[in-house]
Structures are given as structure tokens and as C-alpha cells.
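1. Please work out how this folds:
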Amino acid sequence: ENAYRGAVTLWKFDLDKGRINEAESLTLELPPYNQDLSDAGKGVSDGWAFINSFNTEMYTGGIEAGLPPNEAGMSRNDHDYLHVFNWKKIAELGKDPKNVKVINGHRVVPIEVAVANDALFLIPEPKSPHGVDVSPDGKYLVIGGKLDTHASVYDFEKIKKLIDAKDYAGKDTFGIPILDMKKSLHGQVELGLGPLHTAFDSKDGVLYTSLYVDSQVVRWDYKKLKVLDRINVHYNIGHLDSMEGKSTKPKGDWLLALDKLSIDRFNPVGPLHPQNHQLIDISGPKMELTYDLPIPLGEPHDVVSIAADKLTPKVTFDIGTDSRTEKPSPYATLAGQERVERDGNNVTVYATMVRSHINPERITVNKGDHVKIHLSSLERAQDETHGFAVDSMNVHASLEPGKTVTVEFDATEEGVFPYYCTEFCSALHLEMMGYLMVKDPNKQYAAVDAKGTKLTPEQLQAQYKKIVDTNKATDAVIQTVVKYLKEKGYEKYPAVNSMVTDALDQYGKIPEVKSKADAAASKGDLDQAVLWENQVWQYMVKTADVGLRAKARLARELATPMSEAAGRGEKAYLRGGCNGCHVIGQVSSGPDLTGSLKRKGEQWVYEFTMDPESKFNEPYTKGMIHYFNLRMPNQHMTSEETKDIVEYMKWIDNNADLF
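-> Modelled structure (predicted):
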């Protein structure tokens, strides 16, 4: 923290020429947290801007040195910080030479100047966020934390009152005032797993948030803090866009979902699967998915149709394949073979990439060295593509599962250059990074003792117990999935078998990491023990993610074919968001649907779906409402949709042993 800083640049635009005016642009110095997406204020918040951050732990990994990787340390804190700054005041301060440092001919306003002039503040936000969006009137800020199920709505007027009153909850290491999170919030809403980005509707208070893990778009009211509707997309959605949704006057009846990891959705054309945009009609009371638009990574200019039965590609490369020759690469690197070799001024790096880390995470070379990096993807799961970039050196590569690729460049500039995965690959994609350090061999560099998270022994013990208990519970879920897959003979189905192979590969990494956690705990080093246990959890989550997908795929392989009516019923069931409360095969936020028809009869289920309130006073329904503390909403299904849902529920009962 003594040597490095973050920054945000305020670019001055010459609107007549359509060019940036570099001379009048300037940069605000920020702490060395990893700053992420930002948004500018409007209306009541005009003149202010907001930036997410992650890795407020300032953790820098070090797999090659035997330390836990970045993903273990970068998501340790319960909260990260939202940066709030008055860009208009910063721009004015920058006009006075006393308030700036000139670095490479560019003006920089230091942290201490911004703080002294009440222009820079921090607010705790859900950890690992990926986007802050300002409402059309500028009064509210909406943030989704990828590792939290909630969306947080901050009230700018509350924030401004705290700033004006100098009502601070404390300061960070760099002296920046921290505002109280609860005092800044308008409220929070539980949306689901993996909330990412937000787009606004033309209707007052209505917006849409993408859920990466749940693969859904949620429509909700950020003023009343109420979920209104949800719709499934295929599969993992990232960004989304409503028409002019970032402006003060959003318009239009359509929303575009930009989906990722679209496995099984389209005819496979090779290891690099199509991704998918989906067009959603948001004009009515229920969102309607209307159109799929599969796209390649590049911009398409032409298309040629070909019979699907002529497509017989491999969906992943064999580990260590050179995609140009389709033969094993002489530079293929497996786990445990990562290394850095030097021959004079030539440096060769043998590296691997797998969710969610690059190994090694630190590479040190001398200024003037010629550097070759051989990168091997260790992924076996379909569509788990990684990108690699040292962007400031114009070094870029794409790694489909199993592929080995080489990048090379001359290290002509002294400094520290991040390298990172450029393809969204997991919930901890942003933590999949490392640092290229280019040193001048003629210089002496002072060592820097970076400060990390400081906890009391009691807090450390509690944190250690919590992660150990979490891992035990997660492992129990994994074992139930494994038992199911084995009992159902998963190996007979190639697509399922491929997923299970990937899941077991992730699970097989756990014993080594667990032994390191136990060794650290036995030595009394709970700080390292927590980090290694957190890495155990990462491998378990990856295992469970692929395992559950394999289980769902296997169940569909084994199930009896659906009738047309049952197929329509499934679509109506998903379109109505019924799966938000009902999980087939287990009790969730609502009762398991399996056996519902036998318990109450087809007519009762039909009437209850059409008009739930008509049954609320019946003893059976009263008991359900009391147990789940929820009442089934009226999803306004048509009579035909409801009949189809009943047929879908019959199909569920006929295949109950598979769920």
C-alpha cells in the first residue's frame, strides 16, 4: 500500500471535434484497491461519480511461492468499498498547480488533496461487486455483489446529508472518510444468486438485474424494494441492456440479455462455443423471451448454412493441443509443471490457466528481456474459455478448453503490469489475474511490506470455524450429487461423463490444499489456514457447479419424453417464475411439486394456480402459508397455460425418482 495506487481519469472532451482534450484532462489518485465499473451521477447527483472496487484486502497472491492464490485472498472481506467522488470539484482543484502532481506530463490530484477538500469518500458495499448504476433521476445507486444474493440500493440524498454533516463511520488506511452503510442505504432486496448488472425501465422505479449464477433476469421496483417478475435465460447472463436504459429517460419495450456459457443451446461448431444474445419483451406484466441471437466472438459479416448432421466437432481440445496444428503442443504444461526459465536475456514462462487462477501469478523479468509465455488451459468443461492479456503491451490470447498458446514480447518498459483473464469464466473471474514485474537490473528496489487484513485472534478463530463448517456442508451436497450420478450410471452418457470428469478434476485438487490448511492451523497460523480453507471452498463450488449441471442433464437423459402439452407447461412454469420458490425434488422456498397432484388432485391444482387466493382459507393452504411464511402469488396464467402446467406436473410425477 506504500508503493502503489489506483486511479480514475476524468477525460475532457472536445465535443465539436469529437476528440479528447488531453491537456485539460486529469486523474484522481485512489487507493490500491482494484477499482471496477463506474457510473456518473445525474439530476440530484450531477457532478458526482461512483466506482465499485474489489480486493480491498490488497492481496497479491503468489501460487508459485506456495501461497494461496488471488481468488482465496481477494474475496475475504465481507464488504468492499464504493468510491464516491465529486468530479466537478476535482476538476476545479486540478486547475491550481498546488493541488496536483505532474506525472509523465499528466496532472494527478492526490488522495490527500481530494480528502482535504471533501471530494472523496468510501461506502461499504457487498463484496466483489461488478457494477454501480445510477437511477434516471440520479437519486438512487444500485449495486449487485456477485457473492451476495442481494441488490443494494443507496440513497444519494442520504449520502449527501452524511457528507455535509461530516458524519463518518471511520477512515480507511489512506485517510479517506468512510460513510456508514446502513445510514446510506435506501434498502436491500434479495434477488437470487450472482446479481451483476442493472438496466432501467421507462416506468418509474422499475429496473432489471441480471443473475449470473441463477441465469435469470429479475424485474423489480428499487423504490418499493419489491420483486415484480423474473425470467430464465440461457445460460449465464452477464450484461444486459434496456433501450437507452442509462439515460435520464429510458424508453422502449425491449431488453437485450447478453448471455455467456451457452452450452447445449446451439449446434456445436468447435471448442469455442457460440455465445447468445436474447431479446426479451418487457412491455407487458410478464416478461416474454422472444428471440435468440447466437454470436461468435468476432463481428460476423457473412453466413453460410450447413446441415447439422455434418457437424461433428470436438467440443473441447485435448489438454495441450496447438489449435493451429490440432496436434499436441511441445509447450503443453500440466498442473505442477509451471515454471520460469532464463537463458541470458531470454525468459520462457510455462503457465497454466484454470478457474479461477493463472499460475504463476507473479513473473519477474529484467528490462530488455525477450519474454515468451506458453499458456495451457487445463479446463475440461465445455465453453470454459479463458482470455489472457497484458494489455499495456498489446499482448492478447484466447484459450479454449485444453488449448496451449504462446505469446511473446520484449519487456522494454520498467514497471508492474497486470495480466488477467479477459473472458468471464466464473464468479471470481476478476480475481483471475497476476503481475508482470519488469525491473531495471541496474537499480536497487526497496522492499515493501504490504498491510493486509488485520483480525483479532478471536475473530480469526471464528472465521476459521465458519469456513471449515461451510466446507463440510458443501461437501455433503457434493456427495449426494455423486451418489445420484453413480446410481444412475452417468458414464453411459458422453456429455454427462465429460461434465463429471471436469467436476472430479476440480474435486481432486482439494486434498493437497486441505493438507496445507490443516498444517497452517496446527502451527497456529490461522490467517493462512483461512485462506487455504477458502481455496478448498473454491474447488468445492466449482465441483458442485459442474456436478449439478451434470445431474440435471442426466435426469433429462433418463426421463420419459414430454408430451407437447407438458413441454408447453414447462415453458409456462419457467416463464411464470414458479421455479423461484419451487425446486423439483426438494423443499425450497415453497413445497416440492412432486406428488402435488396426488395430494390434492388435478382440479384443485388447476383452481389454485388460476386463483390462489380462493384457497387461502383452507386448512391445507393455511398450513403451507404458515410453514413457508409465503403466499403463492397470482401469476395470471391463462386457462390453457394452467392445463399445460398440470400436464407438466404429471410428467414430473412420472419421473419423480430422477429428481
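2. per-residue pLDDT, Val304?
-> We note a pLDDT of 69 for Val304 in this prediction.
3. domains for this protein, by residue range?
-> 1-127+169-181, 321-439, 457-558, 564-658 (automatic domain parsing).
4. Which one, of those domains, ends up nearest to His273?
-> Distance to His273, taken as CB to CB, is lowest for domain 321-439 among the domains of the chain, at 4.3 Å. No exception for glycine: its C-beta is placed from N, CA and C like everyone else's.
5. Off-centre distance for that closest one?
-> Remark: domain 321-439 is offset 22 Å from the chain centroid, using CA atoms, centre = their mean, to the nearest Å.
6. Straight-line length of it, end to end?
-> 33 Å (CA to CA, to the nearest Å).
7. go on, stretch 389-403?
-> 16 Å.
8. Show me which positions of that stretch end up buried.
-> By 16 or more other CB atoms under 10 Å, the buried positions in stretch 389-403 come out as 389-390, 393, 395, 397-403.
9. for stretch 127-146, same thing?
-> Neighbour-count burial for stretch 127-146 [16+ other CB under 10 Å]: 127-136, 138-146.
10. go on, stretch 283-296?
-> 286-287, 289, 292, 294.
11. average pLDDT for it?
-> Averaging pLDDT along stretch 283-296 yields 88.
12. cool, stretch 651-659 as well?
-> pLDDT averaged over stretch 651-659 gives 86.
13. nearest residue to Leu430 other than its sequence neighbours?
-> Phe54 (5.8 Å; CB to CB, 6 or more residues apart in numbering).
14. my read: the one you found touches His79, true?
-> No: Phe54 lies out of contact with His79 (CB atoms under 8 Å); the separation is 10.5 Å.
15. Mind listing the shared neighbours of the two?
-> Jointly contacting Phe54 and His79 under the rule CB atoms under 8 Å, 6 or more residues apart in numbering are Lys127.
16. So for the two, which sits in the more crowded spot?
-> Set side by side, Phe54 and His79 show more neighbours around Phe54, with 25 against 16, by other CB atoms under 10 Å.
17. CA-only coordinates of the host helix or strand of Lys161 in PDB, if you can.
-> Per DSSP states H and E: Lys161 is located in helix 156-164. Output of helix 156-164 as PDB, limited to C-alpha atoms (Å, rounded to 0.1, in the frame of the first residue of the first chain):
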ATOM      1  CA  PHE A 156     -27.800   9.800  -2.800                       C
ATOM      2  CA  GLU A 157     -29.700  12.300  -0.700                       C
ATOM      3  CA  LYS A 158     -28.800  10.400   2.400                       C
ATOM      4  CA  ILE A 159     -25.200  10.100   1.300                       C
ATOM      5  CA  LYS A 160     -25.000  13.900   0.700                       C
ATOM      6  CA  LYS A 161     -26.500  14.600   4.100                       C
ATOM      7  CA  LEU A 162     -23.900  12.400   5.800                       C
ATOM      8  CA  ILE A 163     -21.100  14.200   3.800                       C
ATOM      9  CA  ASP A 164     -22.500  17.700   4.600                       C
END
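18. mean confidence for that helix?
-> 98.
19. got a list of what Thr316 touches?
-> 271, 379-382, 400-402, 498.
20. Can you tell me which of those residues is closest to Glu431?
-> Glu379 (16.7 Å).
21. sec struct for that closest one, please.
-> Assigned by DSSP: H, G, I helix; E, B strand; the rest coil, the conformation of Glu379 is coil.
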